[in-house]
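1. Here is my input; please provide its structure:
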Amino acid sequence: MNALAAQSRVLVAALLLVGQVAVAQTAPVAHKPKTSPKSAMAAWTPEVQQSLGLSATDFNASGLNKLTKVQLAALEASIRPDPKKRLLNCSANPLVRGRIRVFLTVAGDDSSGQIANQIRTAVASLSGVDVVDVATNADRVLNVVIQEQTTAKRTIGFTASYLTGTPCTQEFGGQKTNVELKGTLGSYTDAKGAGLALDLAGMLDQDLQPLRAASAP
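-> Got it, this is the predicted structure:
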């Protein structure tokens, strides 16, 4: 019995040892949590000033130094002009206080130029209006086309078709071109033609009201 009891104790000890080894092999290994590296913070550079128009002082005062570099790059990308888009700039010439500059063109059936002179005089007589010779120097453009109305080869009157516009600069693909932003479209008819100038001047006077408010001293 003593020998059997001894063998039993050895067997139990062996089983306990095997169990401890098995537990040690299957127990999960504890890992330290991975810590992500600290994101690099945004900093002012000459390139930042070129894209955002901010000095180093303004950059910090605006709180942009609290952004990460990734966030700053996203901000610059969001405001950077897309070269595939057409950019329209209609404020190349600052308004002169109390004055509006108008560029006038008259074409069509006006071989003597009499109607064109009448229109130019009427427009120039408007309060606070200066007639200029170049569209790029103007705040508003007035394009007029004169059409002669005839019956049996006899002139019975004239029609003036007009279109106002705002001079703008369009940029596309690195190229700048002068364009007009279309405004008011209409026409007037007068039996003798002299009344066309007054009609057009009266229309333009109303069309210029928003600009007058913007250029008021």
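
2. Please count neighbours and contacts with C-alpha atoms only from this point.
-> Noted.

3. Okay, domains of the protein per the record?
-> 46-79, 89-214 (automatic domain parsing).

4. which of those domains is buried the deepest?
-> Of those, the one with the most neighbours on average (mean count of other C-alpha atoms under 10 Å) is domain 89-214, at a mean of 16.

5. longest single strand anywhere in the protein?
-> Counting residues, the longest strand in the chain under DSSP state E turns out to be strand 154-172.

6. pLDDT averaged over that strand, what's the number?
-> What strand 154-172 shows for mean pLDDT is 88.

7. Next: stretch 175-185.
-> 85.

8. residues contacting residue 168?
-> Each residue near residue 168 by C-alpha atoms under 8 Å, 6 or more residues apart in numbering is listed here: 88-92, 136, 178-181.

9. Check the offset of stretch 131-148 from the chain's centre.
-> Relative to its parent chain, stretch 131-148 has a centroid offset of 26 Å by C-alpha atoms, centre = their mean, to the nearest Å.

10. Endpoints of it, how far apart?
-> From its first residue to its last, stretch 131-148 covers 25 Å (C-alpha to C-alpha, to the nearest Å).

11. So which residues make contact with that stretch?
-> By C-alpha under 8 Å, 6+ apart, stretch 131-148 touches 93, 95, 100-110, 120, 123-124, 155-168, 178.

12. Now do the strands in this structure.
-> Taking DSSP E to define them, one finds strands in the chain at 87-89, 100-108, 129-132, 140-151, 154-172, 175-190.

13. Residue 68 and residue 39: what is the separation?
-> 6 Å.

14. ok, the residue nearest to the spatial centre of the chain to residue 126 distance?
-> The centroid of the chain falls nearest to residue 87 when counting by C-alpha atoms, centre = their mean (6.5 Å). Computed as C-alpha to C-alpha, the residue 87 to residue 126 distance reads 33 Å.

15. just residue 45 next, same as before
-> In this view, residue 45 and residue 126 are 51 Å apart by C-alpha to C-alpha.

16. for the strands of the chain, which one sits closest to residue 211?
-> Ranking the strands of the chain by distance to residue 211, with C-alpha to C-alpha as the measure, places strand 100-108 first at 7.2 Å.

17. avg pLDDT for that closest one?
-> Mean per-residue pLDDT for strand 100-108: 94.

18. strand partners of that strand, parallel vs antiparallel please.
-> strand 129-132 (parallel), strand 140-151 (parallel) (DSSP bridges).

19. got the ones you listed as a markdown table, with distance to residue 75 columns?
-> Converted to a markdown table, the strands paired with strand 100-108 look like this (distance: least, C-alpha to C-alpha, whole Å):
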| stretch | distance to residue 75 |
| --- | --- |
| strand 129-132 | 42 |
| strand 140-151 | 36 |
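
20. I'd like these as a markdown table, with mean pLDDT and distance to residue 57 appended.
-> Below are those laid out as a markdown table (pLDDT from 0 to 100; distance: least, C-alpha to C-alpha, whole Å):
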| stretch | mean pLDDT | distance to residue 57 |
| --- | --- | --- |
| strand 129-132 | 94 | 43 |
| strand 140-151 | 92 | 40 |
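
21. quick one: the helices in the protein?
-> Taking DSSP state H as the test, the helices found in the chain are 2-26, 46-52, 56-61, 69-79, 114-124, 194-207, 209-214.
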